[in-house]
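**Student:** Structure for the following, please:
(one chain, ligands or ions: 2)
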Amino acid sequence: MRILSGIQPSGTLHIGNYFGMMRPAIELQARGEAFYFIADYHSMTSLTDAAQRRQNTLDVALDFLACGLDPKKSVFYRQSDLPEVCELTWIIGTLTPMGLLERAHSYKDKTAKGISPNFGLFAYPVLMAADILMYDANLVPVGRDQKQHVEMTRDIAIKFNQTYGETFVIPEPEIRAEVATVPGLDGQKMSKSYGNTVEIFGDEKAIRKKIMGIKMDSRTPAEPKPDADQNLAIQLLKLVAPADVSADLENRLRAGGLGYGDLKKALFEHYWNHFAPYRARRAELAANLDYVNQVLADGAQRARVVGSVVLQRARKACGLV
Ligand code: ADP
Ligand code: TRP
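**Tutor:** Numbers count the residues shown, from 1 in each chain. Ligands and ions are numbered 1, 2, ... in the order given. A predicted model of the protein is given here:
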């Protein structure tokens, strides 16, 4: 089974990215042949600072490797190291209905926020489909917000196969219900674009301040809180603390007697400890960038072995060769 996913170097990675996509992807390394990549072409639809893109790309590589992506098990590469994905984007783009792209939630959300759309943003799902189809991926681990993009990939692949004959594998999304949408510090979906993130490798003081600043209601510590399971700090604790610890804090909050300040302190401590081993590993990697660059170069070579075969298959199917 081939597993594939990508992440954009459009900002600093946060625990929503980690629990929603990176951790499932890392766990799936044991279940098949995994392809993971840094979607730098995609990041161009929202980021136009070249130096920042270079820095973010390196940071994503460090973050993913530090969190447990194992380059011996997985193929880890930079999207733009295989520019042939742009050819496949064109090929499948000619079979992608405008209406399908017009219905994309992410595109609609962005234009609704007043971002004036360019061709790249509109074509974003076609490039994503090419990312997936070029490697015969069966399974695509992503957070819920990407589900529609994987469904569009399926529609495009099915249409291609009907038009030109069996060419592409039809992929399935894999979305973990328990972490489908990690809430941000304001209760909305945690997202780089909403300024409500807890970074995976944030600065200690800055993250403590952010967590201690989470807004809670005005009930006194003594008051019982029957809605304890809805509490944002409890929801985040469930991700970073052992199950018995978060259950105990939730029960104490429900019963009354646990103040929000103490709850937020506990959240910060567990967040900090949860990522401590990865933080150490990240520092080692950052001191050895030659190794990191070598991993990406090897990954690109291994990706090309598979990608070139599928691309050639698609070219033949549609009569380009
Ligand atoms: P962002 O919204 O911060 O820009 P991306 O769109 O770059 O995040 O998402 C990268 C990956 O992380 C995707 O698979 C996405 O589904 C997942 N992801 C992002 N935010 C969350 C979240 N809050 N909860 C669960 N998964 C998330
Ligand atoms: N669009 C995805 C995101 O923003 C990133 C991505 C690009 C991706 N190509 C992909 C994810 C292919 C899975 C498969 O999160």
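**Student:** Leaving out chain neighbours, which residue sits closest to residue 189?
**Tutor:** Leaving aside its sequence neighbours, residue 189 sits nearest to residue 181 (CB to CB, 6 or more residues apart in numbering; 5.2 Å). C-betas here are computed from N, CA, C, even on glycine.
**Student:** how about the strands of the chain, start to end?
**Tutor:** For the chain, the strands defined by DSSP state E occupy 2-7, 33-38, 74-78, 139-141, 172-174.
**Student:** Strand partners (parallel or antiparallel) of the last one?
**Tutor:** Strand 172-174 has the following sheet partners, assigned by DSSP bridges: strand 139-141 (parallel).
**Student:** can you tell me the average pLDDT over the partner strand?
**Tutor:** Mean pLDDT, computed over strand 139-141, is 96.
**Student:** just how off-centre is it within its chain?
**Tutor:** Remark: strand 139-141 is offset 11 Å from the chain centroid, using CA atoms, centre = their mean, to the nearest Å.
**Student:** Now tell me what touches it from outside.
**Tutor:** 1-5, 21, 24-25, 28, 32, 132, 146, 150, 153, 171-176 (CB atoms under 8 Å, 6 or more residues apart in numbering).
**Student:** give me that answer again for 7 Å
**Tutor:** Strand 139-141 is touched from outside by 1, 3-5, 21, 24-25, 28, 132, 150, 171-174, with contacts defined as CB atoms under 7 Å, 6 or more residues apart in numbering.
**Student:** Any residues of this protein in contact with ligand 2? List them.
**Tutor:** Contacts of the chain with ligand 2, taken as CB under 6 Å from any ligand atom, map to 4-8, 39, 42, 128, 131-132, 140, 142, 146, 149.
**Student:** so how far is residue 21 from residue 246?
**Tutor:** From residue 246 over to residue 21 the distance is 22 Å, taken as CB to CB, to the nearest Å.
**Student:** The two: which has the busier surroundings?
**Tutor:** residue 21 (24 against 21; other CB atoms under 10 Å).
**Student:** Quickly list the domain ranges of the protein.
**Tutor:** Using automatic domain parsing, the domain ranges for the chain come out as 2-182+289-317, 202-274.
**Student:** and of these, who's closest to ligand 1?
**Tutor:** Of all the domains of the chain, it is domain 2-182+289-317 that lies closest to ligand 1, at 1.9 Å by CB to the nearest ligand atom.
**Student:** how about that closest one, does it reach ligand 1?
**Tutor:** Yes. Counting by CB under 6 Å from any ligand atom, ligand 1 has neighbours in domain 2-182+289-317: 7-8, 10, 16-17, 20-21, 142-143, 145-146, 179, 181-182.
**Student:** Please enumerate the helices of the stretch 101-250 of the chain.
**Tutor:** 105-112, 119-133, 147-164, 204-212, 232-240, 243-255 (DSSP state H, counting those that start in this stretch).
**Student:** and of these, who's closest to residue 224?
**Tutor:** Among these, helix 243-255 comes nearest to residue 224, with 5.8 Å by CB to CB.
**Student:** ok, residues contacting that closest one?
**Tutor:** For helix 243-255, the external contacting residues (CB under 7 Å, 6+ apart) are 224-226, 228-229, 231, 234, 237-238, 258, 263, 266, 270.
**Student:** Now it - C-alpha only, PDB.
**Tutor:** C-alpha atoms of helix 243-255 as PDB (Å, rounded to 0.1, in the frame of the first residue of the first chain):
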ATOM      1  CA  ALA A 243      -5.300   9.900  29.200                       C
ATOM      2  CA  ASP A 244      -5.500   9.400  33.000                       C
ATOM      3  CA  VAL A 245      -4.100  12.900  33.700                       C
ATOM      4  CA  SER A 246      -6.600  14.600  31.300                       C
ATOM      5  CA  ALA A 247      -9.500  12.600  32.700                       C
ATOM      6  CA  ASP A 248      -8.600  13.500  36.300                       C
ATOM      7  CA  LEU A 249      -8.400  17.200  35.500                       C
ATOM      8  CA  GLU A 250     -11.600  17.000  33.500                       C
ATOM      9  CA  ASN A 251     -13.300  15.400  36.500                       C
ATOM     10  CA  ARG A 252     -11.900  18.000  38.900                       C
ATOM     11  CA  LEU A 253     -13.100  20.800  36.700                       C
ATOM     12  CA  ARG A 254     -16.600  19.200  36.500                       C
ATOM     13  CA  ALA A 255     -16.800  18.700  40.200                       C
END
